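S.K.: Attaching a predicted model along with its sequence, questions to come.
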Amino acid sequence: MANLTGSERARYVQGMFARIASRYDLMNRLMTAGQDVRWRREVIQRASLPPGARLLDLGTGTGDLAQEALRQHPDCRPVAADFTLQMMRIGQRRLSDTGSHPAWLGADALHLPLPDHSFEETVSGFLFRNVIDIPQALSEQRRILKPGGRIVILDTTRPPQNLLAPFIRFHLRVIIPALGRLVTGEGDAYNYLPDSTQAFLTAEQLAEHMRLAGFREVGFRRLMLGTIAIHWGVK
């Protein structure tokens, strides 16, 4: 599945997330032992939102990053965008009774229906390992950012080869698919996760893609035994 390319891969990813949408947040909490909540908190902290900032949460899923932005900065104006409408519908229902919630937008990360220089910040959680054209996705986010705007990316990264590598592979290839089958009934979707993680870029490679796209002050921090990374940069 992770070896699919082009539009075939895009259709598979969209259909996969539609199938697991109702249990997506629960699986994230279980797979990361709740650490993903802390990671998203750090993403928004690193975004350094100015007062009243417009923020794009791209690949928003159920809107976790957009909602975290509102929690930390109640005056910000987040837009939660995704190409899987089922995920956003669940997020809309979940957040409908909260005091504030983001604007929601159906959007393809490679062709954003947004004007140039219209956002102070873009953030994403586990988007880039699923896009079929990373340079184009970075270019689109840079296009919509204002000069000096920031990008922050939370995603998996290819784990390092060290003494822990066999245990990491066992967790990715055995534990996570078994948990996915038990919780969601969609074992194939949670076979995709380890496959796409192993096939994705290293943290250094993604940082280099960001520099080539024109971002400066690029940096990253590895998490969870090197299987997760937060990247950042400035337009």
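M.R.: The structure has been received and is ready for your questions.
S.K.: Can you tell me the centre-most residue of this protein?
M.R.: Gly125 (1.9 Å; Cα atoms, centre = their mean).
S.K.: Can you pull the phi/psi pair for it?
M.R.: phi -120, psi 110 (degrees, to the nearest 10).
S.K.: Also Leu114?
M.R.: phi -140, psi 150.
S.K.: What segments of this protein are strands?
M.R.: With DSSP state E, the ranges of strands along the chain come out as 54-58, 77-82, 103-106, 119-125, 145-156, 216-223, 228-234.
S.K.: report the longest helix in this protein, please.
M.R.: Longest helix in the chain, counting residues (DSSP state H): helix 6-20.
S.K.: and Leu26, which of the strands of the chain is closest to it?
M.R.: Of all these, it is strand 119-125 that lies closest to Leu26, at 15.6 Å by Cβ to Cβ. Every C-beta, even on glycine, is put in place using the N, C-alpha and C of the backbone.
S.K.: Export that closest one to CSV, keeping only CA atoms.
M.R.: The C-alpha trace of strand 119-125 is given here as CSV (Å, rounded to 0.1, in the frame of the first residue of the first chain):
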residue,chain,number,x,y,z
PHE,A,119,-1.8,33.3,6.6
GLU,A,120,0.7,33.9,9.4
GLU,A,121,1.2,30.2,10.2
THR,A,122,0.7,26.8,8.7
VAL,A,123,0.8,23.6,10.8
SER,A,124,0.2,20.0,10.0
GLY,A,125,0.0,16.7,11.9
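S.K.: same for it, what does it pack against?
M.R.: Contacts defined by 3 or more Cβ pairs under 8 Å, 6 or more residues apart in numbering; DSSP states H and E place strand 119-125 against helix 35-47, strand 54-58, helix 64-72, helix 134-144, strand 145-156.
S.K.: low pLDDT regions in the chain?
M.R.: 1-7, 9-10, 96-99, 187 (pLDDT under 70).
S.K.: how close does the residue sitting furthest away from the middle of it sit to Gly226?
M.R.: Farthest-out residue of the chain from its mean C-alpha position, per Cα atoms, centre = their mean: Leu163, at 28.0 Å. Plainly put, Leu163 is 12 Å away from Gly226 if you go by Cβ to Cβ, to the nearest Å.
S.K.: Great, nothing more from me.
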